[in-house]
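**Student:** give me a 3D structure for the following:
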Amino acid sequence: MALRCIRVLELAGLAPAPFCGMILADFGAEVVLVDRTSAPAAVRFLTRGKRSLAVDLKRPRAAAVLRRLCSQADVLLDPFRHGVMEKLQLGPEILQKENPKLIYARLSGFGQSGRLCRVAGHDINYLALSGVLSKLGRSGENPYAPLNLLGDFGGGSLICALGILMALFERTYSGKGQVIDASMVEGAAYLSSFLWTTQHLGLWEQPRGQNMLDGGAPFYTTYKTADGGFMAVGAIEPQFYKLLLKGLGLKSDELPDQMSMADWPEMKKKLADVFAKKTKAQWRQIFEGTDACVTPVLTFEEVAHHEHNKERGSFITDGEQVVCPRPAPLLSNTPAVPFAKREPFVGEHTEEILKEFGFSQEEIDQLELEKIIQSNKPRANL
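**Tutor:** Below is the predicted model:
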């Protein structure tokens, strides 16, 4: 796979860092999840393809263990706020002095500098500071965050993974690692570059929820069907809009101009009335295979059974029989091969990982005796 032989140490954190680590694991990296000792399994997410090493970083000697691991690693994924790793004597100045090739990826909400770098926050806070949240929501309503996808995973995990890959590529020339400061605020803002660079085109001059691409236009929104399902409409171009009207049984010469914004509210009501007369399956049959840009809004229960997704194998079943998305993008020569077995127990691979990094059995036994590490091998079912 594309990232084979790349050693990654991921310090246990909340969802953004685990997803970043899972991306690397899906594409072949050897990802070691440095779990907290006695960490409750309920708060662990996205551990697919990783091995678990449990270390109590609050104990003084634990830092020496992690430093020894980092001396042989390619990437360290740090999910903490600014100052946490420095307090543990594990900051980049120390670790990169011992391993100049180490890529030190710091994934945090507000970044490693600035007045908010030590302050707590969540996806909605990062979106708020990025400016993106002000653009999201229906007309006349408060702004709302679209789940925790844009800040945590788009602006956080994916941007950090991109930074790691660029640093790995640059290292092939310089032979040196570098520090990646991945701020979810800045990542979310970067994702919104299209909004910033198109302001002069008038795409966003109306209040939130009244523009063409934010739910204001009748040809770019969702409609409820007779059976309580929904259809998504994105017929922006005139030729696609013409096919939309044809499928709905409407005549364009009896309707206002497509881009007459004053008529959009009334047109939305008209289209809503039409969509409400048939089921989602009926509308799908009418529009599927056309260029009207009309698609069913699939639920999680439906998505893996859609013919297109089945033909591409877009969804897979993991070792615990849970349906989930196949890693993307699909590489022709070195595609991702996601780990199909169950996710690891906390500390399941502690001993084998330490041995791989050069620790003797005597050292491992002493670390376990001092409760610096925790080993939790699964028991065989007899």
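**Student:** quick check: the residue nearest the centre of the chain vs Glu30, distance?
**Tutor:** Nearest to the geometric centre of the chain sits Phe153, at 3.0 Å (CA atoms, centre = their mean). Phe153 sits 23 Å away from Glu30, taking CB to CB, to the nearest Å as the criterion. Backbone N, C-alpha and C define where each C-beta goes, glycine included.
**Student:** quick one, strands of the stretch 151-300 of the chain?
**Tutor:** With DSSP state E, counting those that start in this stretch, the ranges of strands along the stretch 151-300 of the chain come out as 179-183, 220-224, 230-234, 294-296.
**Student:** you'd agree Pro143 is up against Pro207?
**Tutor:** No - Pro143 is beyond contact range of Pro207, at 11.4 Å (criterion: CB atoms under 8 Å).
**Student:** for the two, indicate the residue with more neighbours.
**Tutor:** Taking other CB atoms under 10 Å, Pro143 and Pro207 do not tie; Pro143 has more neighbours (16 against 11).
**Student:** nearest spatial neighbour of the more buried one, chain-adjacent residues omitted?
**Tutor:** Once flanking residues are discounted, Pro143 sits nearest to Gly137: 4.4 Å by CB to CB, 6 or more residues apart in numbering.
**Student:** phi, psi for the one you found please.
**Tutor:** Here is the backbone geometry of Gly137 (degrees, to the nearest 10): phi 140, psi 170.
**Student:** any idea how far it lies from Tyr173?
**Tutor:** Distance from Gly137 to Tyr173, by CB to CB: 45 Å.
**Student:** for Gly234, same thing?
**Tutor:** In this structure, Gly234 and Tyr173 are 42 Å apart, going by CB to CB.
**Student:** where does this structure dip in pLDDT?
**Tutor:** 39-43, 319, 379-382 (pLDDT under 70).
**Student:** strands of the stretch 1-150 of the chain, start to end?
**Tutor:** Using DSSP E, counting those that start in this stretch, the strands of the stretch 1-150 of the chain run over 7-11, 30-35, 51-55, 75-78, 103-108.
**Student:** possible to save those strands as a markdown table with mean neighbour count and distance to Glu266?
**Tutor:** Output for these, formatted as a markdown table (neighbours: other CB atoms under 10 Å; distance: least, CB to CB, whole Å):
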| stretch | mean neighbour count | distance to Glu266 |
| --- | --- | --- |
| strand 7-11 | 23 | 53 |
| strand 30-35 | 26 | 54 |
| strand 51-55 | 24 | 58 |
| strand 75-78 | 28 | 52 |
| strand 103-108 | 27 | 47 |
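**Student:** can you tell me which of those is nearest to Gly121?
**Tutor:** Nearest of these to Gly121, taken as CB to CB: strand 103-108 at 9.1 Å.
**Student:** strand partners (parallel or antiparallel) of the closest one?
**Tutor:** strand 75-78 (parallel), strand 179-183 (parallel) (DSSP bridges).
**Student:** thanks again, I'm all set now.
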